[in-house]
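Trainee: coordinates only, sequence not included:
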């Protein structure tokens, strides 16, 4: 089962108060991978909440620390008690001193069809304990023209070559930092402008919609208290907090000198230093 499907099942179990089942599903979602940064934060914040409530403080620390490295302002589920929130705040504060996961991106000042578009990427060494792979993709609308994934290193030079670019289009150079399971932890984007070329093609259909939290009356919204290992988590009248996350995006202009459309394939290749 895909990570996103397991995440949806975890949300349903959590809303029903089946925390042990929800925890297993959240762990499964992380292991299945290919999650967004928001989904990674959701899984770790919920797992950390359950671990803290059952006295597994070291596990809770690791989950909260990972969530903090992705977004130091992440929120715990509304069901978490004050002690859990205080504990999570300690991890947030520590993450701020270390610095959140980030990529330093240096795209070229210009690009020409048929020649490599090189992008330099730098990563803090301490981030390499979490960031395991770096992905570079060149996209137009919802259409991916080329993609390259390499193992993360402190300094990388990635490059993609596209033979021709459609006329009057916008390209995006997108660099993503991934974990072991190819879930996205950080994203940086550079805008690419194109001049000349030929009429653009219709963009491909969009990707499947990510699942939204389960609808219906939540277990947590009922007036019944829920106790785990003697710790009261909620006692009715809960106001749910919607957790949102907006990954930082850097937009850097790149000028591309266009060329008439001619037969050619999109190819990608890369190197490291």
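Mentor: Noted; the coordinates are in hand. Fair warning: this is a prediction, and the values are worked out from it, not measured in the lab.
Trainee: sec struct for the residue nearest to residue 9 when sequence neighbours are not counted, please.
Mentor: Distances taken as Cβ to Cβ, 6 or more residues apart in numbering put residue 25 closest to residue 9, at 5.0 Å, once the chain neighbours are dropped. To be clear about C-beta, it is placed using only N, CA and C from the backbone, and glycine gets the same treatment. Three-state call for residue 25 (DSSP: H, G, I helix; E, B strand; the rest coil): helix.
Trainee: please name the residues that touch residue 25.
Mentor: Contact analysis of residue 25 by Cβ atoms under 8 Å, 6 or more residues apart in numbering lists 6, 7, 9, 10, 13.
Trainee: which one of the residues you listed is nearest residue 131?
Mentor: Checking the contacts of residue 25 against residue 131 by Cβ to Cβ gives residue 7 as the nearest, at 21.1 Å.
Trainee: give me the distance between the residue nearest to residue 9 and residue 54.
Mentor: Residue 25 is 17 Å from residue 54, where distance means Cβ to Cβ, to the nearest Å.
Trainee: for residue 191, give the beta-bridge partners.
Mentor: residue 172 (DSSP bridges).
Trainee: same question for residue 146.
Mentor: residue 138.
Trainee: surely it and residue 160 touch.
Mentor: Yes - between residue 146 and residue 160 there is a contact under Cβ atoms under 8 Å: 4.4 Å.
Trainee: which residue ranges of the stretch 51-200 of the chain form helices?
Mentor: 57-70, 82-98 (DSSP state H, counting those that start in this stretch).
Trainee: in the last one, which residues are buried?
Mentor: Using 16 or more other Cβ atoms under 10 Å as the burial criterion, the residues of helix 82-98 that qualify are 84, 87, 88, 91, 92, 95.
Trainee: the first one now?
Mentor: For helix 57-70, the buried set under the neighbour-count rule, 16+ other Cβ under 10 Å, comprises 60, 61, 62, 63, 64, 65, 66, 67, 68, 69, 70.
Trainee: again with stretch 177-186
Mentor: 177, 178, 179, 181, 182, 183, 184, 185, 186.
Trainee: what of stretch 32-51?
Mentor: Neighbour-count burial for stretch 32-51 flags 32-33, 35-51 (criterion: 16+ other Cβ under 10 Å).
Trainee: same check on stretch 5-13?
Mentor: Within stretch 5-13, the residues that count as buried by 16+ other Cβ under 10 Å are 6, 7, 8, 9, 10, 11, 12, 13.
Trainee: pretty sure the third one sits in a helix.
Mentor: Yes - counting by three-state DSSP, residue 8 is found in a helix.
Trainee: show me the shaky parts of the stretch 51-200 of the chain.
Mentor: The model of the stretch 51-200 of the chain has pLDDT under 70 over residues 110-111, 166-170, 193-200.
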